[in-house]
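Novice: One predicted model, sequence on top.
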Amino acid sequence: MPVVKIANNHFSYTLLQPAIERIASYVIRMEQQPVRRITLIASDDQTLNALKIKYFGIDQLTDTISFNYNEPGEPVEGEIYLSLDRILENAQNFKVPFAKELALVIIHSILHLFGYNDETANDKKQMQALQNFYIQQVSLTRLYRSRRIHPTHE
């Protein structure tokens, strides 16, 4: 049974299970973390902003929000919400391919589920080092496909 489940709720992009599963499985194996299930929800700015307000009381755009549902010592079980709008804009701002920024955010989010934080300068430095290591190790091909939006014919 795959450890990653994907909910494609974005109107323009579909995340592809095999490639996303390979990235997650690699990070899980390298981090030696037992995982029950990680659900990735591909969404948009509006959805993540509403979640940020509801759960954190902050009205701010973000590229990802991770929710960890397991008790300490149990296999990891959580949800990762991704704003593909924000990831696309970040990729353009940082002048990197969308696939690379998407993989980086997925890796970052999985690390959060594993207990890593980026609240202090040292924590952020550690997470960035891990992310940079993992992004060099994984394939960035076929992570997503663009959905064709057909105009309605009335």
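Specialist: Okay, I see it.
Novice: surely Phe91 meets Phe98?
Specialist: Small correction: residue 91 is Ala, not Phe. Yes - judged on Cβ atoms under 8 Å, Ala91 makes contact with Phe98 at a distance of 4.6 Å. Where C-beta positions appear, they are placed from N, C-alpha and C, glycine not excepted.
Novice: need the helices for the protein, in chain order.
Specialist: Secondary structure of the chain (DSSP state H): helices located at 17-31, 45-56, 84-94, 98-113, 121-137.
Novice: Please identify which of those helices is closest to Gly73.
Specialist: Evaluated over those, closeness to Gly73 peaks at helix 98-113, with 14.5 Å, by Cβ to Cβ.
Novice: Give me the packing partners of that closest one, helices and strands only.
Specialist: helix 17-31, strand 35-43, strand 64-68, strand 76-83, helix 84-94, helix 121-137, strand 144-146 (3 or more Cβ pairs under 8 Å, 6 or more residues apart in numbering; DSSP states H and E).
Novice: JSON lines for these, including distance to Leu111?
Specialist: Output for the helices and strands packed on helix 98-113, formatted as JSON lines (distance: least, Cβ to Cβ, whole Å):
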{"stretch": "helix 17-31", "distance to Leu111": "7"}
{"stretch": "strand 35-43", "distance to Leu111": "12"}
{"stretch": "strand 64-68", "distance to Leu111": "9"}
{"stretch": "strand 76-83", "distance to Leu111": "11"}
{"stretch": "helix 84-94", "distance to Leu111": "16"}
{"stretch": "helix 121-137", "distance to Leu111": "6"}
{"stretch": "strand 144-146", "distance to Leu111": "21"}
